[in-house]
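Colleague: Quick one, structure for this:
(one chain, ligands or ions: 1)
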Amino acid sequence: RLAFATRSKSVATMAANQEFTGNLKREVEKLFDASLRLTVPDGTSVETEVAASLPGKPGDYQCNNAMGLWSVIKGKGTQFRGPPAVGQAISKNLPVSEMVETCSVAGPGFVNLVLSSKWMAKSIEKMLIDGIDTWAPTLPVKRAVVDFSSPNIAKEMHVGHLRSTIIGDTLARMLEYSKVEVLRRNHVGDWGTQFGMLIEYLFEKFPDTESVTETAIGDLQTFYKASKSKFDSDSDFKEKAQKAVVRLQGGDPIYRNAWAKICEISRTEFAKVYQRLKVELEEKGESFYNPYIADVIGKLDSKGLIEESEGARVIFLEGFNIPLMVVKSDGGFNYASTDLTALWYRLNEEKAEWIVYVTDVGQQQHFNMFFKAARKAGWLPDSDKTYPRVDHVGFGLVLGVDGKRFRTRSSDVVRLVDLLDEAKTRSKTALIERGKDKEWTPEELDQTAEAVGYGAVKYADLKNNRLTNYTFNFDQMLSDKGNTAVYLLYAHARICSIIRKSGKDIDELKKTEKLALDHPEERALGLHLLRFAETVEEACSNLLPNVLCHYLYDLSERYTSFYSIHQVIGSPEEASRLLLCEATAVVMRKCFHLLGITPVYKI
Ligand code: ARG
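Modeller: So this is what the prediction gives:
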């Protein structure tokens, strides 16, 4: 936010001719910035405080500077007689702008601004013609890394990885929409001591390792479990497995090949999930950073950061009661050494300005510690919202309907693919119950079932504040009532069907007809549409997808209030209202897109 010291009249004139950049709140801030510059005595530093007004309050935006400003200037020979008078001055000094209908002062100096409905309508018309990408937020970075999903080889992808995949994909989409180049990184756990036993087991089961295929090996998790139980019960095998680790790390080609085989089989399994969820990412697993680790640890060492502790090499960090281990006592590297190296690589080789890590909150300490080590090394600025910036995006547990950790009946971790299958089957059944199998082609039925089923799973996760645990409940997420993807997707499809039924060519209407926001419900809907960009920007900067979900749900509620009172087809306002329907559908689709949900057009 601006803090300024000198007044400048030219700013006031500039603001009068401002072009709408998409971020409504910012546009209003610009107006008040200009007014405050004229209002405050020279040399006063002030931060413009503008907030969207609560529903039912007068005005659309409120400037709350009068009271604070008064306490700064009172008793210093000011001509003002109290906060209301400061408010009056702020209101009077507001630049002339076609954005503003009225500006007035209430109570102890709240300055309420009412936007011009005409200007609002014009801005929406413009978006309909130029496209919603013209409303994209602008962020202060060019390139970002989103490190998400990141399952571990040979272990099953579980619901925790599902959360990371869904949340990370949405964050990446929001950044991409904001014109940031996003490196979507899958930091797969493809290195570590478990590979010793996996490889030894593979050699025993399949002496001809070259020809092993995914089908031969079957379920990798079962394979992992079997090798683990052999490792625990058979000391001969254990010894071989430990030797295998040494050989693998030493680069023995036979062990390397076996390792690559296991990774490849896991990879094909992961890919199936990503394909279903329509999530794209590029694998740069832990092993990718191996060649750089020794060097990076050396850099930290030369800065005097590393100390010896109980045979291991560690970094002591202020505020933590345990040190961060970067070299194990056997000389091997660990999760933290890899993450430090990956961070170094991303900052220096990939030139990322913002790096976002999406994992469960259980790993928070790990991230806080290696972030702190990187700050100590001077790789990152000291304050955490300054760029280059790193963020750990933590999320809570997934619970079952019984309130306990989500498990299957046999108490195993829940397999992701099974969840997705069930979501699809259930939504298909619901569509068939509504007779859609008779109306649609089998492909349409299948595609809709997928869009609704997978959309429901994603939305149920994203709509909660990510830090809270959430309950996985199929009945709830697939309900067509309440704040669910099903309700929202249906709402969108209904808008599309109104436009179709009108028989009008909407692209033609955009060019020839005007939009009017004369009635309160039309205006409220229009205002909400204009708040889209500022919402995405907020969701993006605070890394909170639920903010966007909340917006989307509100949008559909406002649309319902409008539609339940006002006739569209056949009314004198038909053309204008069809444009308003179209604008709502466009913004809804952009929200779906950012949330990774496929919209449906018929229901
Ligand atoms: N593979 C890890 C896990 O499943 C997550 C990795 C997250 N990313 C990172 N750079 N540490 O818990």
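Colleague: Bridge partners for the spatially closest residue to L543 that is not a sequence neighbour, pull those for me.
Modeller: Leaving aside its chain neighbours, L543 sits nearest to V393 (5.0 Å; criterion: Cβ to Cβ, 6 or more residues apart in numbering). The way it works is simple: take the backbone N, C-alpha and C, and place the C-beta from them, glycine included. Applying DSSP bridges to V393 yields these beta-bridge partners: V358.
Colleague: Centre of the chain to the helix or strand where A456 lies, how far?
Modeller: If you go by DSSP states H and E, A456 is part of helix 442-462. The chain centre lies 19 Å from the centre of helix 442-462; the measure is Cα atoms, centre = their mean, to the nearest Å.
Colleague: again with stretch 77-95
Modeller: Here the centre of stretch 77-95 is set off from its chain's centre by 41 Å, with Cα atoms, centre = their mean.
Colleague: Same check on stretch 222-230?
Modeller: Worked out by Cα atoms, centre = their mean, stretch 222-230 lies 36 Å from the chain centre.
Colleague: What are the buried residues along that stretch?
Modeller: Across stretch 222-230, burial judged by 16 or more other Cβ atoms under 10 Å covers 223-224, 227-228, 230.
Colleague: Now the helix holding A456: buried residues?
Modeller: Neighbour-count burial for helix 442-462 flags 445, 448-462 (criterion: 16+ other Cβ under 10 Å).
Colleague: Looking at the residues you listed, which one is closest to H519?
Modeller: Y459 (30.5 Å; Cβ to Cβ).
Colleague: Check the closest one and give its pLDDT.
Modeller: On pLDDT, Y459 comes in at 97.
Colleague: and it, how far is that from K272?
Modeller: 22 Å (Cβ to Cβ, to the nearest Å).
Colleague: Could you do L552 as well?
Modeller: 29 Å.
Colleague: of those two, who's got more company?
Modeller: The neighbour comparison of L552 against K272 (other Cβ atoms under 10 Å) goes to L552, with 27 against 13.
Colleague: Can you name the residues of the stretch 301-450 of the chain that neighbour the ligand?
Modeller: Residues of the stretch 301-450 of the chain found near the ligand, taking Cβ under 6 Å from any ligand atom as the criterion, are 339, 342, 357, 359.
Colleague: same check, this time on the chain
Modeller: Residues of the chain lying close to the ligand (Cβ under 6 Å from any ligand atom) are 147, 150-152, 187, 189, 339, 342, 357, 359.
Colleague: Could you list the low-pLDDT ranges of the protein?
Modeller: Low-confidence segments of the chain (pLDDT under 70): 1-18, 156, 214-218, 408-413.
Colleague: Most distant residue from the centre of it?
Modeller: Using Cα atoms, centre = their mean, the residue of the chain lying farthest from its centre is G77. It sits 49.7 Å away.
Colleague: Surely it is in a helix?
Modeller: No. Counting by DSSP: H, G, I helix; E, B strand; the rest coil, one finds G77 to be coil, located in no helix.
Colleague: got a list of what it touches?
Modeller: If you count contacts by Cβ atoms under 8 Å, 6 or more residues apart in numbering, G77 has none.
Colleague: gap between it and V86?
Modeller: Noted for G77: a distance of 14 Å to V86, by Cβ to Cβ.
Colleague: can you check E200 too?
Modeller: In terms of Cβ to Cβ, E200 sits 77 Å off from V86.
Colleague: so where do the strands sit in the stretch 1-150 of the chain?
Modeller: Ranges of strands within the stretch 1-150 of the chain are 3-4, 46-47, 50-52, 61-63, 100-106, 110-115, 143-147, based on DSSP state E, counting those that start in this stretch.
Colleague: Same list, the ones you listed, but as CSV with mean neighbour count please.
Modeller: Shown next, in CSV, are the strands of the stretch 1-150 of the chain (neighbours: other Cβ atoms under 10 Å):
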stretch, mean neighbour count
strand 3-4, 13
strand 46-47, 16
strand 50-52, 16
strand 61-63, 24
strand 100-106, 17
strand 110-115, 22
strand 143-147, 25
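Colleague: any chance of those strands in a markdown table, with distance to I265 too?
Modeller: As requested, those are exported to a markdown table (distance: least, Cβ to Cβ, whole Å):
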| stretch | distance to I265 |
| --- | --- |
| strand 3-4 | 57 |
| strand 46-47 | 56 |
| strand 50-52 | 52 |
| strand 61-63 | 56 |
| strand 100-106 | 63 |
| strand 110-115 | 58 |
| strand 143-147 | 23 |
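Colleague: closest to Y335 out of those?
Modeller: strand 143-147 (13.1 Å).
Colleague: Quick one: residues in contact with the closest one.
Modeller: When contacts are defined by Cβ under 8 Å, 6+ apart, strand 143-147 is touched by residues 168, 171-172, 175, 180-185, 187, 342, 346, 350-358.
Colleague: again, 6 Å this time
Modeller: Counting contacts by Cβ atoms under 6 Å, 6 or more residues apart in numbering, the residues outside strand 143-147 that touch it are 168, 171-172, 175, 180-185, 187, 346, 351-357.
Colleague: what's the spacing between it and its chain's center?
Modeller: 12 Å.
Colleague: With only the CA atoms kept, save that strand in CSV.
Modeller: The C-alpha atoms that make up strand 143-147 are tabulated as CSV, following Å, rounded to 0.1, in the frame of the first residue of the first chain:
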residue,chain,number,x,y,z
ARG,A,143,8.2,-17.1,-12.5
ALA,A,144,7.1,-19.4,-9.7
VAL,A,145,7.6,-23.0,-8.6
VAL,A,146,4.6,-24.9,-7.2
ASP,A,147,5.9,-28.1,-5.6
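Colleague: Just checking: what are the partner strands of it?
Modeller: Using DSSP bridges, strand 143-147 pairs in its sheet with strand 181-186 (parallel), strand 354-360 (parallel).
Colleague: Mean neighbour count, those: which tops it?
Modeller: Mean neighbour count (mean count of other Cβ atoms under 10 Å) peaks for strand 354-360 among the strands paired with strand 143-147, with a mean of 23.
Colleague: From the chain's centroid, how far away is it?
Modeller: Centroid separation for strand 354-360 versus its chain: 10 Å, with Cα atoms, centre = their mean.
Colleague: quick one, the helix or strand just after it and strand 354-360 angle?
Modeller: Per DSSP H and E, the first helix or strand lying C-terminal to strand 354-360 is helix 364-376. Counting by axes from the mean of the first three to the mean of the last three Cα atoms, to 10 degrees, helix 364-376 points 160 degrees away from the direction of strand 354-360.
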